[in-house]
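Student: Show me how the following folds:
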Amino acid sequence: MSQAQSLQTTLQKGGLIDVSAVSQSEAISAAKAAGMTALVVDCDRARSRSAVLRAVVKAVDFPEFFGGNLDALYDCLCDTVLDHKQGLFLWFHNLHSGDPALAEDSVAILAVCKDVVDFAANNDRHFAYGVVHAGKHPDPEPGVEPTPYSGGDS
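Tutor: Okay, here's the model as predicted:
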């Protein structure tokens with residue numbers, strides 16, 4: 001079995017995948033080859049639980065009435081899994097789980113993802129996710145405006 005086929009099989013089993021063994025593009029390609037929808041959740045600028053949740057909502061294109069808590073995240077992901085024929089793969093890019101403001105929330109968010117894996121399996125779908133953990137956000141530099149969350153220039 002080739003590495004790509006092995007990754008496809010791992011994605012179809014669902015759950016957390018080891019991102020140290022695969023690049024983002026390889027994981028996205030394997031998920032698509034497995035018939036799954038693959039999306040990137042850009043968490044790099046997220047400095048709070050609500051910002052990470054907004055990044056998820058943006059990635060999955062969920063409506064604006066999203067509740068903004070962990071129950072709403074679970075509902076959002078479950079609905080999104082059901083909306084796709086085979087299921088869903090999320091790549092969490094630069095989740096700053098090493099940041100004191102996000103340490104506990106990161107654990108809670110990933111626990112929700114683990115629960116969605118079970119939901120997907122019970123509904124004949126697949127849900128897998130990969131997480132690139134980043135450390136603490138850099139401290140702000142005096143006199144330098146932080147990059148806006150939207151990523152645009154001020």
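
Student: in this protein, which spans are strands?
Tutor: Per DSSP state E, the chain carries strands over the ranges 15-17, 37-42, 87-95, 126-133.

Student: a markdown table for those, including distance to Lys58?
Tutor: For glycine as for every other residue, the C-beta is placed from the backbone atoms N, C-alpha and C. Output for the strands of the chain, formatted as a markdown table (distance: least, C-beta to C-beta, whole Å):
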| stretch | distance to Lys58 |
| --- | --- |
| strand 15-17 | 21 |
| strand 37-42 | 8 |
| strand 87-95 | 12 |
| strand 126-133 | 16 |
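
Student: got TSV for those, with mean neighbour count, distance to Ala31 and mean pLDDT too?
Tutor: Below are those laid out as TSV (neighbours: other C-beta atoms under 10 Å; distance: least, C-beta to C-beta, whole Å; pLDDT from 0 to 100):
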stretch	mean neighbour count	distance to Ala31	mean pLDDT
strand 15-17	17	9	94
strand 37-42	19	4	96
strand 87-95	23	4	96
strand 126-133	22	7	95
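
Student: what about those strands, which gets the closest to Gly143?
Tutor: strand 87-95 (25.0 Å; C-beta to C-beta).
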